[in-house]
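Enquirer: next input, structure requested:
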Amino acid sequence: MRSWLTLICLALVGGSALAAPLTHGATGSIGLDEMDIVAKQSEYDGHAHQYLIKGDVRVTLKDMVVTCDQATIFVTAKEDRVDKLIFSGRVEARRHGNTFRGDRVTYFVGDRRLLAEGATHTRLLLPTAPKK
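Expert: Model (predicted):
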């Protein structure tokens, strides 16, 4: 079952706050409209400004795909960008050939930093210098 989180978010805030795309680059920000989320269940808490996504979660960002059992997405009070994402339960994050696995992976959006915790395994694919 596909979760239409972005459409639900647009309905919750009247469409205006999430309609404008945000860049995910030097500014280190992610707009909610830049995420594709597939899961069995999605819940939003407007007071806490967070989304709780459960069950066979797959989150696709501009340059990263994360699969896990559960994800918590923390958004700003204006609900116009994502501050932090916490993925838990059989987490696998893939980005540019690199893989981060762990019981819990936190993505600090502003810092563009991943932290894997608990039974971690990291595979880095580094570029090699051309042979002379």
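Enquirer: check contacts around A77.
Expert: H49 (C-beta atoms under 8 Å, 6 or more residues apart in numbering). Yep, even glycine has a C-beta here, placed from its N, CA and C like the rest.
Enquirer: distance of it from P127?
Expert: 40 Å (C-beta to C-beta, to the nearest Å).
Enquirer: contacts for stretch 121-132?
Expert: 96-102, 116.
Enquirer: show the pLDDT at R95.
Expert: With respect to pLDDT, R95 scores 87.
Enquirer: which non-adjacent residue is nearest it?
Expert: M64 (4.2 Å; C-beta to C-beta, 6 or more residues apart in numbering).
Enquirer: next one: I73
Expert: Once flanking residues are discounted, I73 sits nearest to Y51: 4.2 Å by C-beta to C-beta, 6+ apart.
Enquirer: assign the one you found to helix, strand or coil.
Expert: strand (DSSP: H, G, I helix; E, B strand; the rest coil).
Enquirer: okay, and the beta partners of it?
Expert: Y44, I73 (DSSP bridges).
Enquirer: for burial, what's the neighbour tally of it?
Expert: 24 (other C-beta atoms under 10 Å).
Enquirer: ditto for A119
Expert: By other C-beta under 10 Å, 11 other residues sit near A119.
Enquirer: would you check that it makes contact with G102?
Expert: Yes: using C-beta atoms under 8 Å, A119 makes contact with G102 at a distance of 6.2 Å.
Enquirer: list the buried residues for stretch 93-110?
Expert: Across stretch 93-110, burial judged by 16 or more other C-beta atoms under 10 Å covers 93, 95, 100-107, 109.
Enquirer: kindly reformat those residues as a markdown table and extend each row with distance to E43.
Expert: Formatted as a markdown table, the buried residues of stretch 93-110 follow (distance: C-beta to C-beta, whole Å):
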| residue | distance to E43 |
| --- | --- |
| A93 | 22 |
| R95 | 26 |
| F100 | 25 |
| R101 | 26 |
| G102 | 24 |
| D103 | 22 |
| R104 | 19 |
| V105 | 20 |
| T106 | 20 |
| Y107 | 20 |
| V109 | 20 |
